[in-house]
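In: predicted model and sequence follow; I will ask about them next.
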Amino acid sequence: MAHEIEYEQLADDGAAQSSSDLERLGDVEVEVSAEIGRRRLTIAETLELAPGVRAPGIVHTVGRLRRSVMQDLALARHGLDLVAPPARVYAPQPGGGGVVLWADADRTASGLRERSARDAEAYVAFDRKVRSLASFLAHLNAVAPPDLKSPTFADAVAGLKLGRAFRALGARAVRELSRVLPMAVADFVGEALEDDLLRAAIAARAVLYTAQGPWSAGSTTTLLTDSAGNDGGAPGQSTFHRGGPGALAQVLERAAKSFGVEIRTGAEVVAVTTREGRASGVALADGTELTADRVISAVDPKRTLTELVDPVEVGPHLRWRAANIRQPGRTSKVNLALAGLPSFPGAEPEHLRGRIVIGPGIDHLERAFDASKYGRISEEPFLEVTIPTLSDPSLAPEGQHVLSAVVQWTPRHLREGDWASERERLADLVVATLEAYAPGIGGLVTARQVLTPEDLETTYGLSGGHVYHAEPGLDSWFAWRPLIGHARYRFGIPGLWLAGSGAHPGGGVTGGPGANCAREILATTKG
């Protein structure tokens, strides 16, 4: 049982680079970003929903951004402005009331006492357990995976460091980590907690943006990875950036330019060029060719190898493997402009400042997932909702609000119909679902915006419409991400590197894959 083990939380290992090291990267590489479609879009952006009303694009929280990345890039100096409400999660139930997960575990436990005395006693220990196990994954996420076929001395050194961190957890925690990583998250939360609404509120993070359900093997790893390197614990992070995710992208842009980076927009990359079997630059749609010592791709791995690199250079076997990277996009986004703040019976406005999880139980989540396996959209979908204007009123005129809803398990390829015909029905379904928890919300809607999995593929350049670039299953984790033999950021051909969410440690607004990739590049240039 969770409360029988004393868990230790390891110190964060950011594996930081110095500013002088980062400056050395400025003039020797070209980075391929999402310059594939007609316009440049990223998952961290802010969209205009209506005149004077702005809403988050694909993602609405940014709390997983690695601390070492913030420090290395001096983001505070360039306008980083994060807001972390005390209420991390509100999980309402139809008819009123619900569960509030606070940043303070003791406060959460106190609130749970009315629902379940057993959960009130177990929650603090469970939160400590999540933090402890996730702290080891933070160390794992900060290193380059080993070359399993030809391990190097550097791999041995990294392995020793990880071994020390593993042992520092304590013998019982080590056994527990080995046991829970392949577990379904439904089992993981079910062992410690009994209230179904509470279980679902925690388990939801393990399946968001994925093609997994709560009973999918290995989904506990996804949950712990989401908590790695931040102070999210059991409820996870609910951190916003003032001005929306797009404002964070602008901060990163200013930081990059301070290191001498040249950024080109509206420059569609159509190919990675090669010379004598090595990546030598990129070709743009207007015929321009840029040469570089290295090409770093932040595009998803399948698109990088199957569309941008000459098939002759990739070779038939590797091209076949890349074409089979699993990217089953199952996520849509619906933004609503509201004339006023919606009322969730039993909830105070303070409860609504974080993430609102619309999924009243584990079986409810699993049934919604089941529908997607057969190309259908569940009539009772799982939603993760935020109202960012509660923390950042600048996003809408005074008195108005923005509601951002991630709609999980909406398949990229529908069994019946297509997204052109289903787009508005999805928005109607989201509003109808919210009505059961916030009666009257439909009458507050003044504008709405829908991003379907098809939009994520065609407009954002995400193959399969997958936000994480590749499914985060155990078959695509650590040394297997995105492909075994290609997990050390050197990708496919010499001179080509992978730095996006398709690389270890995976998706989300973390900066982790890019930081790890930069460190590996620096290691090849020193001396």
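Out: Thanks, I have the structure now. Numbering: from 1, shown residues only.
In: ok, now which ones touch the residue of the chain most remote from its centre?
Out: Relative to the mean C-alpha coordinate of the chain, counting by C-alpha atoms, centre = their mean, the farthest residue is Glu276 (37.0 Å). Neighbouring residues of Glu276 by C-beta atoms under 8 Å, 6 or more residues apart in numbering: there are none. (Each C-beta comes from the backbone N, C-alpha and C, glycine too.)
In: list phi and psi for it.
Out: Main-chain dihedrals, Glu276, degrees, to the nearest 10: phi 50, psi 40.
In: in terms of pLDDT, where does it sit?
Out: In this prediction, Glu276 carries a pLDDT score of 94.
In: and Asp418, how close does it get to Glu424?
Out: 13 Å (C-beta to C-beta, to the nearest Å).
In: which residues of the protein score low on pLDDT?
Out: Residue ranges of the chain with pLDDT under 70: 1-43, 153, 165-166, 169, 526-527.
In: try it again at 90.
Out: Across the chain, the ranges flagged by pLDDT under 90 are 1-46, 95, 136, 139, 146-178, 264-266, 460-461, 507-508, 523-527.
In: need the longest helix for it.
Out: helix 117-141 (DSSP state H).
In: so how far is whichever helix or strand comes after that one from its chain's centroid?
Out: Where DSSP states H and E defines the elements, the next helix or strand beyond helix 117-141 is helix 153-168. Remark: helix 153-168 is offset 26 Å from the chain centroid, using C-alpha atoms, centre = their mean, to the nearest Å.
In: now do the SS call for the closest residue to Ala499 other than its chain neighbours.
Out: Nearest residue to Ala499 in three dimensions, chain neighbours excluded: Cys517, at 3.9 Å (C-beta to C-beta, 6 or more residues apart in numbering). The three-state label given to Cys517 by DSSP: H, G, I helix; E, B strand; the rest coil is helix.
In: for Asn141, give its distance to Gly354.
Out: Asn141 is 24 Å from Gly354, by C-beta to C-beta.
In: ditto for Arg376
Out: Applying C-beta to C-beta to Arg376 and Gly354 gives a distance of 30 Å.
In: now Thr152
Out: Counting by C-beta to C-beta, the gap from Thr152 to Gly354 is 43 Å.
In: higher neighbour count, the two?
Out: Neighbours per residue, other C-beta atoms under 10 Å: of Thr152 and Gly354, the larger number sits with Gly354, 30 against 11.
In: which ones are touching the closest residue to that one other than its chain neighbours?
Out: Setting aside the residues directly before and after it, Gly354 is nearest to Ser238 in space (C-beta to C-beta, 6+ apart), at 3.5 Å. Contacts for Ser238 were tallied using C-beta under 8 Å, 6+ apart; they are Thr61, Gly63, Ala84, Pro85, Ala87, Arg88, Val89, Arg353, Gly354, Arg355, Thr386.
In: for the first one, grab the count of nearby residues.
Out: In this case it means Thr61. Number of residues near Thr61 (other C-beta under 10 Å) recorded here: 25.
In: list the buried residues of the longest helix of the chain.
Out: The neighbour-count check on helix 117-141 (16 or more other C-beta atoms under 10 Å) flags 119-120, 122-141 as buried.
In: could you give the angle of it to helix 153-168?
Out: Using axes from the mean of the first three to the mean of the last three C-alpha atoms, to 10 degrees, one finds that helix 117-141 and helix 153-168 are set 160 degrees apart in direction.
In: okay, now Thr524: neighbour count?
Out: Neighbours of Thr524 (other C-beta under 10 Å): 10.
In: I'd guessed Ile387 sits against Gln400; true?
Out: No: the pair Ile387 / Gln400 is not scored as a contact, 11.1 Å apart, by C-beta atoms under 8 Å.
In: so for the two, which residue has more residues nearby?
Out: Ile387 (22 against 19).
In: where do the strands sit along the stretch 151-300 of the chain?
Out: 240-241, 269-275, 278-284, 289-291, 294-297 (DSSP state E, counting those that start in this stretch).
In: for whichever strand or helix holds Ser332, which strands pair with it and how are they oriented?
Out: Secondary structure assignment for Ser332, by DSSP H and E: strand 331-338. Strands that pair with strand 331-338, judged by DSSP bridges, come out as strand 401-408 (antiparallel), strand 445-451 (antiparallel).
In: would you turn those into JSON lines with mean neighbour count?
Out: Below are the strands paired with strand 331-338 laid out as JSON lines (neighbours: other C-beta atoms under 10 Å):
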{"stretch": "strand 401-408", "mean neighbour count": "26"}
{"stretch": "strand 445-451", "mean neighbour count": "18"}
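In: now render those strands as CSV, adding distance to Lys302.
Out: Below are the strands paired with strand 331-338 laid out as CSV (distance: least, C-beta to C-beta, whole Å):
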stretch, distance to Lys302
strand 401-408, 22
strand 445-451, 20
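In: among those, which is nearest Glu176?
Out: strand 401-408 (28.1 Å; C-beta to C-beta).
In: the longest helix of the chain packs against which elements?
Out: helix 105-112, helix 153-168, helix 171-180, helix 185-192, helix 219-227 (3 or more C-beta pairs under 8 Å, 6 or more residues apart in numbering; DSSP states H and E).
In: tell me which of those sits most buried.
Out: Most buried of the helices and strands packed on helix 117-141, by mean neighbour count (mean count of other C-beta atoms under 10 Å): helix 219-227, with a mean of 26.
In: elements contacting that helix?
Out: Packed against helix 219-227, as judged by 3+ C-beta pairs under 8 Å, 6+ apart, are the following elements: helix 117-141, helix 185-192, helix 196-203.
In: how about these, which one is nearest Thr306?
Out: So among the helices and strands packed on helix 219-227, helix 117-141 is nearest, using C-beta to C-beta, at 26.8 Å.
In: next, the angle from that closest one to helix 105-112.
Out: 150 degrees.
In: what about the helices in the stretch 301-450 of the chain?
Out: Ranges of helices in the stretch 301-450 of the chain, per DSSP state H, counting those that start in this stretch, are 301-303, 311-314, 316-323, 362-373, 419-435.
In: that older thread, and the helices and strands packed on helix 117-141: which comes nearest Asp370?
Out: Closest among the helices and strands packed on helix 117-141, using C-beta to C-beta: helix 185-192, at 13.4 Å.
In: tell me which residues are up against that closest one.
Out: Against helix 185-192 from outside (C-beta under 8 Å, 6+ apart): 1-2, 122, 125-126, 129, 180, 198-199, 202-203, 206-207, 214-216, 219-220, 222-223, 362, 366.
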